[in-house]
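Chemist: Predicted model, plus sequence, below.
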Amino acid sequence: MGTVTMFASGKDGVGKSTVSLYTAAALASKGQEVLLVELDSGMRSIDVMSGLYSNLVFDLGDVLEGRCDRSQAIMKSPINPHLSILSAPFNQGTLSADRFMSLCQVLSTEYDHVLLDTAAVTGAIITAASASMRAVVVSTPDPICVRSSRVVADTIYDLSLKDIRLVLNRVVPARIKRKIVPNLDYCIDAIGARLLGVVPESDDIALACSGNEKLSKQCVSYQVFQRIASRMNGEDAPLLIQ
């Protein structure tokens, strides 16, 4: 039985989809079978970042509505043969929580990890929480983002999902030193979730996303996501913080 993990954020633009994708890729690089499911209906981006946009025929909505079998909508990513993608519906709409929960139960028997890239809206968060075993909140150190991340963490906790971790994304150490944004300890305490990883602001990530490529093994970001994946697997991997 695989693990279903939702990735959530309190607001758009924090890089949640990027963190979801490269965490999934890092897990897949360890030889595990990984499925990344996107829930951001009408605003999807995973298909572009993973290089699948021109090949898509069916999506999550088609599966849930019975217009195709899940095998027709799930596509292998060119980033890694062990990574598969199930894209969000192109048209914005409401997904059936019951059908989605049933689907995730089946998928968890077929994959080692099912990662849910959740939209920053209450309905999608509730739907994802109903099907998940744990949650990862993605936030930047920006004070407004920290505040909204606490709200979403509390929402997830109230939905009876108690295993909540935190990834701080787009971190620039110089901004912390200049007190432009709060330090990491403040962010952790304010959001109220155990730290899983700290992802630096990186041109390497931006380049990989725009070119539908793997992260270079020589860059710090690659090592950060490898540590995040190891920690998600329960391994004793120290945090990598610059």
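Modeler: Thanks, I have the structure now.

Chemist: packing partners for the lowest-mean-pLDDT helix or strand in the chain?
Modeler: In the chain, no helix or strand scores lower on mean pLDDT, DSSP states H and E than helix 203-211, which sits at a mean of 81. For helix 203-211, the packing partners by 3 or more C-beta pairs under 8 Å, 6 or more residues apart in numbering; DSSP states H and E come out as helix 16-29, helix 220-232. In short, each C-beta sits where N, CA and C put it, glycine included.

Chemist: helices and strands around the last one, which ones?
Modeler: Judged by 3+ C-beta pairs under 8 Å, 6+ apart, helix 220-232 is in contact with helix 16-29, strand 194-200, helix 203-211.

Chemist: Figure out which of these is closest to S54.
Modeler: helix 203-211 (14.6 Å; C-beta to C-beta).

Chemist: all helices of this protein, in order?
Modeler: Using DSSP state H, the helices of the chain run over residues 16-29, 46-49, 60-64, 70-73, 97-107, 122-131, 143-158, 173-177, 184-191, 203-211, 220-232.

Chemist: so which of those gets nearest P81?
Modeler: Nearest of those (C-beta to C-beta): helix 16-29, 7.9 Å.

Chemist: returning to that earlier point: with respect to the helices of the chain, which exhibits the lowest mean confidence?
Modeler: Lowest mean pLDDT within the helices of the chain: helix 203-211, at a mean of 81.

Chemist: Name all residues that make contact with the residue nearest to I228 when sequence neighbours are not counted.
Modeler: Of all residues not flanking I228 in the chain, G197 sits nearest, at 3.9 Å (C-beta to C-beta, 6 or more residues apart in numbering). Shown in contact with G197 (C-beta atoms under 8 Å, 6 or more residues apart in numbering): V167, L168, V224, F225, R227, I228, R231, L239, L240.

Chemist: filter the residues you listed to the buried ones?
Modeler: Buried subset of the contacts of G197 (neighbour count, 16 or more other C-beta atoms under 10 Å): V167, L168, V224, F225, R227, I228, R231, L240.

Chemist: do you know how far the fifth one is from Y22?
Modeler: As for R227, its distance to Y22 is 12 Å (criterion: C-beta to C-beta, to the nearest Å).

Chemist: do the same with the third one
Modeler: With the distance defined as C-beta to C-beta, V224 ends up 9 Å from Y22.

Chemist: before we move on, back to that, mind giving me JSON lines with the helices of the chain and columns for distance to L39?
Modeler: Formatted as JSON lines, the helices of the chain follow (distance: least, C-beta to C-beta, whole Å):
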{"stretch": "helix 16-29", "distance to L39": "10"}
{"stretch": "helix 46-49", "distance to L39": "10"}
{"stretch": "helix 60-64", "distance to L39": "7"}
{"stretch": "helix 70-73", "distance to L39": "14"}
{"stretch": "helix 97-107", "distance to L39": "8"}
{"stretch": "helix 122-131", "distance to L39": "5"}
{"stretch": "helix 143-158", "distance to L39": "14"}
{"stretch": "helix 173-177", "distance to L39": "31"}
{"stretch": "helix 184-191", "distance to L39": "21"}
{"stretch": "helix 203-211", "distance to L39": "19"}
{"stretch": "helix 220-232", "distance to L39": "19"}
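
Chemist: Can you say which of those is nearest to P89?
Modeler: Closest approach to P89 among the helices of the chain (C-beta to C-beta): helix 60-64, 3.2 Å.

Chemist: measure the closest residue to L215 other than its chain neighbours to A128 for me?
Modeler: Nearest residue to L215 in three dimensions, chain neighbours excluded: Y222, at 4.2 Å (C-beta to C-beta, 6+ apart). According to C-beta to C-beta, Y222 and A128 sit 27 Å apart.

Chemist: That'll do, ta.
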